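Asker: Quick one, fold the following:
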Amino acid sequence: MAQQVRVGTFIYRINPNNDKELQRCSYGSSSWSRVAEFNGYHILDLLLMPNGKDIEVYTDRYVYVRENSGNIRKR
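Answerer: Down below sits the predicted model:
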């Protein structure tokens, strides 16, 4: 299970204190910010897609894609 995924200059992670929240920080930083919550569903896994820019977010209900543009959609 991936807890963190690096995309460009950012690192994305499942919040260790709230597994319903996706966070990110700049590479080399220690300050994390909230990116998204997924309708109250628990995040189970993160996967970097083959294009190297989008992230698949597996929850206990749906699979979401966080696109490099910042859009989040259900897959």
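Asker: going forward, measure contacts between C-alpha atoms and count neighbours the same way
Answerer: Noted.
Asker: Okay, now the unreliable bits of the protein?
Answerer: 1-2 (pLDDT under 70).
Asker: And for it, the residue most distant from the center?
Answerer: Largest separation from the mean C-alpha position in the chain: Gly28, at 17.7 Å (C-alpha atoms, centre = their mean).
Asker: And Asn51, how far from Ile11?
Answerer: In this view, Asn51 and Ile11 are 16 Å apart by C-alpha to C-alpha, to the nearest Å.
Asker: got it, and Gln4?
Answerer: 7 Å.
Asker: for Ser26, same thing?
Answerer: For Ser26, the distance to Ile11 - C-alpha to C-alpha - is 6 Å.
Asker: cool, and Glu67?
Answerer: For Glu67, the distance to Ile11 (C-alpha to C-alpha) stands at 14 Å.
Asker: cool, Tyr62 as well?
Answerer: Taking C-alpha to C-alpha, one finds Tyr62 at 22 Å from Ile11.
Asker: How about Ile72?
Answerer: 17 Å.
Asker: And for Ala36?
Answerer: Distance, Ala36 to Ile11, by C-alpha to C-alpha: 14 Å.
Asker: ok, those two, which is more surrounded?
Answerer: Remark: of Ala36 and Ile11, Ile11 carries more neighbours, 17 against 14, as counted by other C-alpha atoms under 10 Å.
Asker: Please tell me I have it right and that one contacts Leu22.
Answerer: No: counting by C-alpha atoms under 8 Å, Ile11 does not reach Leu22; the two are 10.5 Å apart.
Asker: residues in contact with Asn15?
Answerer: 21-23 (C-alpha atoms under 8 Å, 6 or more residues apart in numbering).
Asker: can you redo those as a markdown table with distance to Tyr41?
Answerer: Converted to a markdown table, these look like this (distance: C-alpha to C-alpha, whole Å):
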| residue | distance to Tyr41 |
| --- | --- |
| Glu21 | 9 |
| Leu22 | 11 |
| Gln23 | 15 |
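Asker: Tell me which of these fall in strands.
Answerer: Those of the contacts of Asn15 mapping onto strands are 21-23, per DSSP state E.
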